[in-house]
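*Asks:* based on what follows, work out the 3D shape:
(chains A, B, C and D)
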4 protein chains.
Amino acid sequence: MNRRLRLEPSLDPADYHFTHQVRARFAETDAMGVVHHGSYLLYLEDARVALMRHRDRPYTETRESGVDLAVLEAYVKYRRPVRFDEVVDVHLTTGAATRATFQIAYLLTVDAEPRATAVTVHGAVGPDGKAVRLPDWLSRAPRG
Amino acid sequence: MNRRLRLEPSLDPADYHFTHQVRARFAETDAMGVVHHGSYLLYLEDARVALMRHRDRPYTETRESGVDLAVLEAYVKYRRPVRFDEVVDVHLTTGAATRATFQIAYLLTVDAEPRATAVTVHGAVGPDGKAVRLPDWLSRAPRG
Amino acid sequence: MNRRLRLEPSLDPADYHFTHQVRARFAETDAMGVVHHGSYLLYLEDARVALMRHRDRPYTETRESGVDLAVLEAYVKYRRPVRFDEVVDVHLTTGAATRATFQIAYLLTVDAEPRATAVTVHGAVGPDGKAVRLPDWLSRAPRG
Amino acid sequence: MNRRLRLEPSLDPADYHFTHQVRARFAETDAMGVVHHGSYLLYLEDARVALMRHRDRPYTETRESGVDLAVLEAYVKYRRPVRFDEVVDVHLTTGAATRATFQIAYLLTVDAEPRATAVTVHGAVGPDGKAVRLPDWLSRAPRG
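*Replies:* Numbering: from 1, shown residues only, chains lettered A, B, ... in the order given. Below is the predicted model of the structure:
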């Protein structure tokens, strides 16, 4: 399968360098009464966008410069359900950068209790959808 | 509020000229155990796209010709819940066309039982998002 | 069609009694490059939940008491697109309460510019999905 | 990270025992112009539900018998984008069953071209959300 997935998300929030809060929407729940497993990917994306804003590299600007950051792989391990209206702390940290890709590890907690861990692998793509070199600020980025 | 909404959706499937089937996804349910009210708009859109395909005017081609059909208004009346895995018949018919807009009325049934009615109002927009004249095939379109 | 829709949403934020902020997610955009029309219903729901929390009537508690607030009708008028990462102020105010239903009017603005208006009609339902009387705190509720 | 993920999805449709078709919705696209990475999880779920229906074990019945099939882990590798209105063949095969979990491997193709591969890990849970033994028909299930 040739997975690029390298990072091993820790269960300790102290191992992460940035945290973004998301409140679980009612629309994100399903008939099991808890947040649908598909909604977690939206929380991860929200946190990535917040990280870029925090680093003064808003994703809107990156996109306007002609570089999109495509998701190449995504992995989520669901540990305990998230319920409607719970506030989720999405902790994240970047790592495993190559010339063309980088990875992000995530820990999702509610009141400090782990609910999920995740890893995403990203690649820079140009307007034609082809892979391009990572922007310098990303490949040189300090973790976090 | 200056609503454009004109069509009055009938509860009789015979009053509609096209039907498209959608099966309710588990992800579309919410913690009430039924399909979330927001998902109905996706069923309406699915049915519109199927109608255009049926008329040999695939939406992908319309978009490539530089014309997008924006949703200007949407109204849904929820009559009875739709449950997971139910097959919904989305009946639709077009009407109330002006130079720049047209409307679609919808009846959603499951096993011939009405579950919802809806109306959407659409306008043609160019690549810059500004209103343009409706394509001829739309403004002259027979109902259905 | 027998619409219950009564409220006429004003374009002046001062006519609303509560405001909730939502930031447009990338996942909520579509291939037109702007937020998909279906996502607006999620913003409205988010704002309703925030209003109930603000009034010390969290929706989670209302649900645990055996009363769900079903959406009976929803209407949205799309005025200008919302773009990715924009912060939307969802202004809302309640009104038109009857024994079993109440309505909410909404104005969505970005940097004080109106992007959409909307109305939802709600009814209280018991665990069996049948209509019940509105809880006192809702039928007596001051506007806002 | 203690991943349970074991299956290695093949790129050859002949290695799969069941196929379900999904047509990409406009609402599932994002501002990159292609289907959002989060929507793939919905396609996988749709295909699982179709598989259970095909085996005369509709998911609705399984749920009514008090057993839910929770998603414990999910992994997706995005190979090429899926575009609006494309018909996706979701090929799947089950495997790696233990007393309490089983896995599904997926290959998503459009016109026989691989677009994504994926693996999900599932566990049976009772009404209280605690793990229970897999139903016999699942643990004994032939592949496919």
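*Asks:* please count neighbours and contacts with C-alpha atoms only from this point.
*Replies:* OK.
*Asks:* pull the longest strand from chain A.
*Replies:* strand A:113-125 (DSSP state E).
*Asks:* that one and chain D in contact?
*Replies:* No: residues of strand A:113-125 are not located near chain D by Cα under 8 Å from any Cα of the partner chain, the shortest gap being 8.5 Å.
*Asks:* helices or strands up against that strand?
*Replies:* Under the contact criterion of 3 or more Cα pairs under 8 Å, 6 or more residues apart in numbering or on different chains; DSSP states H and E, strand A:113-125 touches strand A:68-78, strand A:101-110.
*Asks:* pull the residues that contact it.
*Replies:* For strand A:113-125, contacts defined as Cα atoms under 8 Å, 6 or more residues apart in numbering or on different chains pick out A:4-5, A:7-11, A:67-82, A:100-109, A:131-135.
*Asks:* out of those residues, which touch chain D?
*Replies:* Among those, the residues lying close to chain D (Cα under 8 Å from any Cα) are A:8-10, A:68, A:71-79.
*Asks:* please pick the buried ones from the contacts of strand A:113-125.
*Replies:* A:4-5, A:7, A:9, A:11, A:67-78, A:81-82, A:100-109, A:131-134 (16 or more other Cα atoms under 10 Å in any protein chain shown).
*Asks:* ok, then the element right after the top helix by length along chain A?
*Replies:* Secondary structure assigned by DSSP state H gives helix A:40-54 as the longest helix of chain A. Downstream of helix A:40-54, the first helix or strand assigned by DSSP states H and E is helix A:59-64.
*Asks:* residue A:110 contacts residue A:86, doesn't it?
*Replies:* Yes: the pair residue A:110 and residue A:86 qualifies as a contact (Cα atoms under 8 Å) at a distance of 7.0 Å.
*Asks:* neighbour count for the two, which is higher?
*Replies:* residue A:110 (17 against 14; other Cα atoms under 10 Å in any protein chain shown).
*Asks:* residues in contact with the more buried one?
*Replies:* Counting by Cα under 8 Å, 6+ apart, residue A:110 has contacts A:82, A:86-89.
*Asks:* go again using 10 Å as the cut-off
*Replies:* By Cα atoms under 10 Å, 6 or more residues apart in numbering or on different chains, the residues touching residue A:110 are A:21, A:80, A:82-83, A:86-90, A:116.
*Asks:* give me the subset of those residues lying in helices.
*Replies:* Using DSSP H, no member of the contacts of residue A:110 falls in helices.
*Asks:* ok, back up a step: and the ones next to chain D among the contacts of strand A:113-125 as JSON lines, adding pLDDT and distance to residue A:127?
*Replies:* Listed next are these as JSON lines, based on pLDDT from 0 to 100; distance: Cα to Cα, whole Å:
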{"residue": "A:8", "pLDDT": "94", "distance to residue A:127": "32"}
{"residue": "A:9", "pLDDT": "97", "distance to residue A:127": "32"}
{"residue": "A:10", "pLDDT": "97", "distance to residue A:127": "35"}
{"residue": "A:68", "pLDDT": "84", "distance to residue A:127": "8"}
{"residue": "A:71", "pLDDT": "96", "distance to residue A:127": "15"}
{"residue": "A:72", "pLDDT": "96", "distance to residue A:127": "16"}
{"residue": "A:73", "pLDDT": "97", "distance to residue A:127": "20"}
{"residue": "A:74", "pLDDT": "98", "distance to residue A:127": "22"}
{"residue": "A:75", "pLDDT": "98", "distance to residue A:127": "26"}
{"residue": "A:76", "pLDDT": "98", "distance to residue A:127": "28"}
{"residue": "A:77", "pLDDT": "98", "distance to residue A:127": "32"}
{"residue": "A:78", "pLDDT": "97", "distance to residue A:127": "34"}
{"residue": "A:79", "pLDDT": "96", "distance to residue A:127": "37"}
